Structure formats: structure tokens, C-alpha cells
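>>> my questions are about this predicted structure, shown below with the sequence.
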Amino acid sequence: MEKKNNIVLCGFMATGKSSVGKKLAEILGLEFVDLDDSIEAEEGISIPQIFTERGEQAFRELELHMVERLISRAGLVISTGGGTVVDPRNMANLKNCGFVIALAADIQTILRRAGSGENRPLLHYDDREERVRALLLKRAPFYAQADITIDTSSITVEETALQILNRLRKCDLY
Ligand code: S3P
């Protein structure tokens with residue numbers, strides 16, 4: 001089967017996946033799909049509510065099924081959740097359906113961008129800096145499997161989108 005031409009953004013919370021994905025889709029005239037938003041729309045409740053009422057494992061199953069459904073489509077910019085690619089089935093599916101870009105940022109930038117973190121159940125910790133550090137360490141090997149990585153710590157959403165475009169063009173994509 002020919003590989004589909006989707007563009008997939010993965011990476012830790014608050015690295016800019018959704019904002020950059022939207023900007024990229026706008027520039028390329030593609031449809032933008034946010035995995036978390038799709039899950040919330042389908043379930044009719046927010047991600048924090050899913051975590052509270054059903055638990056993280058239930059959320060991971062919804063995530064897995066949403067990825068399985070999305071990968072049959074083409075011409076999308078897909079922004080994933082911070083933990084999506086920690087499941088190797090998701091990373092394999094996403095790599096099969098397109099070009100996977102990991103967005104990265106340093107810890108202080110992540111903490112600043114995450115703000116109060118109230119919409120991110122996995123950041124509901126007293127020592128948020130330590131929590132981010134530990135999770136980043138655990139997840140780094142998964143993000144490293146992306147086709148390319150872009151550090152967004154000191155660049156804007158537009159600059160990130162343009163850097164991605166340059167890389168896509170170098171690979172003869174888009
Ligand atoms: C998660 C990140 C969130 C959301 C959920 C779990 C994670 O998405 O999918 O709260 O495991 O890192 P963002 O990366 O968009 O915050």
C-alpha cells in the first residue's frame with residue numbers, strides 16, 4: 001500500500017502541536033485534525049473528565065481507536081496528544097499514514113506554556129517541574145522515533161510551521 005501523505009505532529013504537552021498544526025494546515029490548504037478534540041467531540045465530554053470519570057487507560061483506548069480511524073484518510077495535518085506515540089501501535093500507524101514530526105521544547109518553556117495546567121490531568125502534581133522532567137525522560141525514546149524533530153522553545157508558531165515546510169520540501173513532500 002502506498003504511504004499516505006498526511007502530516008503528523010507529536011511531542012510533549014505544550015510544545016505547540018495544535019497551534020503549529022493549524023498554521024501548517026492553513027498554509028498548505030489541508031484539513032486539520034486534533035486528536036484530543038476529535039475524542040472530546042465523539043465522547044461529548046472533555047479530556048480531563050474522561051481521565052476523572054473513566055481513568056487514563058480508558059482514554060488511551062479511545063486514543064488508539066481514533067488513530068486507527070484517522071489513518072485511513074489522506075491529506076490531513078494531524079496533531080496528536082502528548083502521550084499518543086508512547087503506544088508503539090500508534091507510532092507505527094501514524095508513520096504508515098504520513099510524515100511524523102516531533103515538536104520539542106525545554107522544561108521551562110513547557111511549564112510557561114502549560115500555564116495553570118488545569119486542562120492537562122497528567123500535570124496535576126504539586127511539583128510540576130519534577131513531573132515534567134520525569135515524564136520527558138520516560139517519553140524521549142518514543143518522540144525520537146519521529147521522522148524529524150523541531151525545537152520550538154525560542155521560535156514562534158509561524159516560524160515553526162515554516163521550518164517544517166522547508167523540511168517537507170527537502171524531502172520532496174508538499
Ligand atoms: C496527554 C497530553 C494531552 C492529552 C491528555 C494526555 C499526555 O494532550 O492528550 O491530557 O499523555 O501527555 P496535549 O499534548 O495536547 O496537552
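The structure has been received and is ready for your questions.
>>> using PDB, write out every CA atom in the helix or strand containing Glu53.
If you go by DSSP states H and E, Glu53 is part of helix 47-54. Taking Å, rounded to 0.1, in the frame of the first residue of the first chain, the C-alpha atoms of helix 47-54 are listed here in PDB:
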ATOM      1  CA  ILE A  47     -10.300  15.000  28.300                       C
ATOM      2  CA  PRO A  48     -10.000  15.900  32.000                       C
ATOM      3  CA  GLN A  49     -13.500  14.500  32.500                       C
ATOM      4  CA  ILE A  50     -12.500  11.300  30.700                       C
ATOM      5  CA  PHE A  51      -9.500  10.900  33.000                       C
ATOM      6  CA  THR A  52     -11.500  11.600  36.100                       C
ATOM      7  CA  GLU A  53     -14.600   9.600  35.300                       C
ATOM      8  CA  ARG A  54     -13.100   6.600  33.400                       C
END
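>>> and the contacts of that helix?
Identification of contacts with helix 47-54 by C-beta atoms under 8 Å, 6 or more residues apart in numbering yields 36, 39-40, 43, 45, 58-59, 62, 81, 118-121. For glycine as for every other residue, the C-beta is placed from the backbone atoms N, C-alpha and C.
>>> same thing but 6 Å
36, 59, 119, 121 (C-beta atoms under 6 Å, 6 or more residues apart in numbering).
>>> those residues: which ones sit near the ligand?
Contacts with the ligand are made by 36, 121 out of those, judged by C-beta under 6 Å from any ligand atom.
>>> which residues of the chain lie near the ligand?
Neighbours of the ligand within the chain, by C-beta under 6 Å from any ligand atom: 13, 17, 36, 47, 81-83, 120-122.
>>> now the strands for the protein?
Applying DSSP state E to the chain gives strands spanning 6-11, 31-34, 76-79, 98-104, 148-151.
>>> closest to Asp87 out of those?
Asp87 lies closest, by C-beta to C-beta, to one member of these: strand 6-11, at 11.3 Å.
>>> which elements pack onto that closest one?
With contacts taken as 3 or more C-beta pairs under 6 Å, 6 or more residues apart in numbering; DSSP states H and E, strand 6-11 sits against helix 17-28, strand 76-79, strand 98-104.
>>> just those: most buried one?
Using mean count of other C-beta atoms under 10 Å, the stretch among those with the greatest mean number of neighbours is strand 76-79 (a mean of 26).
>>> so what touches that one?
Everything outside strand 76-79 that qualifies as a contact, by C-beta under 6 Å, 6+ apart, is 6-9, 17-18, 21, 24-25, 30-34.
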